[in-house]
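Chemist: Provide a 3D model corresponding to the input given below.
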Amino acid sequence: MVKKLLHTRYRVHDLEKTISFYKDVLGLEEVRRQTSGRGSQLVFLKAPCSDQAIEICKFDESGPVVVGPDLTHLAFEVDNLEDFAKEAAAKGHPLSDGPHSTGTGKIAFIDAPEGYEIELIQHGRKS
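Modeler: Numbering: from 1, shown residues only. This is a model prediction of the structure:
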């Protein structure tokens, strides 16, 4: 049996543009870079209060990256969705959907480079 989730991988074409988004817009920390045995360029990122990492992978030999709508997303907790949205928009990344009230907080979405969707969740405040 497995013990715990360690990381999730997303493959991209433009590694540096994607890493910049995750670091500069979302505030994730780069924890490691390496090249895999088959030549994939790998960058691992973590949110400040998380144990799990996100592995961003560039491996051109796999062909183009195609992310269909509503296929997958990552979800992150934020303290204040309105403040986050203002800062992200100022960096050229406005919300793509929301915010929406959940009854116990708010959710919204922002698009990462290459079509990956990021869900933002603010707990404990009603809209």
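
Chemist: Okay, buried residues for the helix or strand where residue 121 lies please.
Modeler: Secondary-structure element containing residue 121, defined by DSSP states H and E: strand 117-123. By neighbour count, and taking 16 or more other CB atoms under 10 Å as the criterion, the buried residues in strand 117-123 are 117, 118, 120, 122. No exception for glycine: its C-beta is placed from N, CA and C like everyone else's.

Chemist: wait, what's in contact with residue 56?
Modeler: The contact partners of residue 56, taken as CB atoms under 8 Å, 6 or more residues apart in numbering, are 9, 10, 11, 12, 15, 18, 19, 22, 42, 43, 44, 45.

Chemist: Closest one to residue 62 out of those, please.
Modeler: For the contacts of residue 56, the residue nearest residue 62 by CB to CB is residue 11; the value is 6.5 Å.

Chemist: what helix or strand is the closest one on?
Modeler: For residue 11, the enclosing helix or strand under DSSP H and E is strand 7-12.

Chemist: so what does that strand touch, helix or strand wise?
Modeler: With contacts taken as 3 or more CB pairs under 8 Å, 6 or more residues apart in numbering; DSSP states H and E, strand 7-12 sits against strand 53-58.

Chemist: pLDDT on the strand it packs on, on average?
Modeler: Rounded to a whole number, the mean pLDDT of strand 53-58 is 96.

Chemist: likewise stretch 89-106?
Modeler: Per-residue pLDDT over stretch 89-106 has a mean of 94.

Chemist: Can you point out the buried residues in it?
Modeler: Buried residues in stretch 89-106 (16+ other CB under 10 Å): 93, 95, 98, 99, 105, 106.

Chemist: and the fifth one, bridged to which residues?
Modeler: Okay, so that is residue 105. Counting by DSSP bridges, residue 105 forms beta bridges with residue 123.
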